[in-house]
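Visitor: Sequence first, predicted model second:
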Amino acid sequence: MRIMFLGDVMGRAGRKAVQDRLADLRAAWKLDLVIINGENASNGAGLTGDHAKLLLEAGADVITLGDHAFDQRDMLQFIEREPRILRPLNYAKDAPGRGAAIFEGGRGRKVLVVQALGQVFMKRPFDDPFSAIDATLNKHRLGGGVQAAVVDMHCEATSEKMAMGHFCDGRASLVVGTHTHVPTADAQVLPGGTGLLSDAGMCGDYNSVIGMDKAEPLRRFITGMPKGRFQPATSEATLSGVVVETDDRTGRATAIHMVRQGGRLQQAGPPA
């Protein structure tokens with residue numbers, strides 16, 4: 001199976017890149033499932049129902065969220081009606097929606113997708129992500145109930161993302177980090193057969209400060225004083241993420257490929 005995961009969609013530029021490029025990527029890579037983190041798709045903070053529909057219509061099979069899951073108020077109701085959207089597993093217990101679900105990967109194959117929020121350097125405390133992920137992976141075992149499993153680890157610290165990869169090694173097909181909007185270069189298959197990328201980066205304009213127009217972040221860094229609100233950068237976006245190839249029998253990763261499509265971080269396409 002070939003599964004693509006695309007990092008945080010950032011504002012209008014990120015949405016447009018998904019609309020313009022995802023269909024061609026699906027065909028070129030012969031993808032079986034596409035997962036997108038969409039938590040910054042609506043003006044850089046959260047996801048509206050209308051923008052969720054746009055990403056799904058563009059070719060996403062699953063959308064994950066993050067710490068900004070409910071910044072857009074209509075997502076509180078929309079997520080209950082749309083099973084293809086996941087909020088973090090270890091979010092508040094009374095939060096609407098769900099943090100893990102099983103999706104079809106074609107030809108009857110089942111793919112578990114789960115997201116958790118990290119704890120290190122995050123603005124508010126969340127429940128332990130390791131125990132939450134552990135319970136979910138123990139319930140849905142690779143090569144048994146599911147043919148693949150993907151974990152979106154949404155957090156600040158690279159160390160916490162890497163730790164989750166090793167914690168899940170042999171039990172997940174892919175562990176991929178999101179949230180920091182800067183793609184890492186450590187794509188690898190761990191000894192137990194889990195693909196790991198510490199951060200997928202963002203689907204957004206990289207002529208920016210983590211997706212935001214440069215003027216206001218630079219002003220705050222230089223003067224220590226805010227003058228206006230952060231606004232997403234609007235030039236051509238790069239689709240940034242990863243493709244994992246898995247063995248249908250074991251669910252383990254056989255190969256992992258970084259994806260950089262369009263914009264400033266363009267790289268080669270799928271392997272021949």
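Guide: Noted; the coordinates are in hand. Numbering: from 1, shown residues only.

Visitor: Ala69: neighbour count?
Guide: Per other C-beta atoms under 10 Å, the neighbour tally for Ala69 reads 28. (Glycine included, C-beta is placed from N, CA and C.)

Visitor: Assign it to helix, strand or coil.
Guide: Put simply, Ala69 is coil when judged by DSSP: H, G, I helix; E, B strand; the rest coil.

Visitor: leaving aside the residues next to it on the chain, what's closest to it?
Guide: Arg87 (4.4 Å; C-beta to C-beta, 6 or more residues apart in numbering).

Visitor: Please name the residues that touch the residue minimising distance to the centre of the chain.
Guide: In the chain, the residue lying closest to the centroid (C-alpha atoms, centre = their mean) is Asn37, at 3.6 Å. By C-beta atoms under 8 Å, 6 or more residues apart in numbering, Asn37 lies in contact with 5-9, 63-66, 152, 154, 178, 200.

Visitor: and if we set it to 6 Å?
Guide: Taking C-beta atoms under 6 Å, 6 or more residues apart in numbering, we find Asn37 in contact with Gly7, Asp8, Thr64, Thr178.

Visitor: Val150 too?
Guide: Shown in contact with Val150 (C-beta under 6 Å, 6+ apart): Val113, Leu174.

Visitor: how close does it get to Asp213?
Guide: 32 Å (C-beta to C-beta, to the nearest Å).

Visitor: Quick check: phi and psi on the residue nearest to the centre of the chain?
Guide: Here is the backbone geometry of Asn37 (degrees, to the nearest 10): phi -90, psi 120.

Visitor: Residues in a beta bridge with it, which ones?
Guide: Applying DSSP bridges to Asn37 gives these bridge partners: Thr64.

Visitor: Lys30 versus that one, what's the distance?
Guide: Taking C-beta to C-beta as the measure, Asn37 falls 22 Å from Lys30.

Visitor: any idea how far the residue lying closest to Gly269 once chain neighbours are set aside lies from Gly106?
Guide: Leaving out its chain neighbours, the residue that sits closest to Gly269 by C-beta to C-beta, 6+ apart is Ala28, at 5.8 Å. Separation of Ala28 from Gly106 (C-beta to C-beta) stands at 17 Å.

Visitor: Same question for Arg12.
Guide: For Arg12, the distance to Gly106 equals 31 Å [C-beta to C-beta].

Visitor: more crowded one of those two?
Guide: Arg12 (19 against 11).

Visitor: and the more buried one, helix, strand or coil?
Guide: helix.

Visitor: Would you map the strands across the stretch 101-250 of the chain?
Guide: 110-117, 148-154, 174-178, 188-189, 195-197, 202-203, 239-246 (DSSP state E, counting those that start in this stretch).

Visitor: which of those strands sits most buried?
Guide: Among those, ranked by average contacts under mean count of other C-beta atoms under 10 Å, first place goes to strand 202-203 (a mean of 34).
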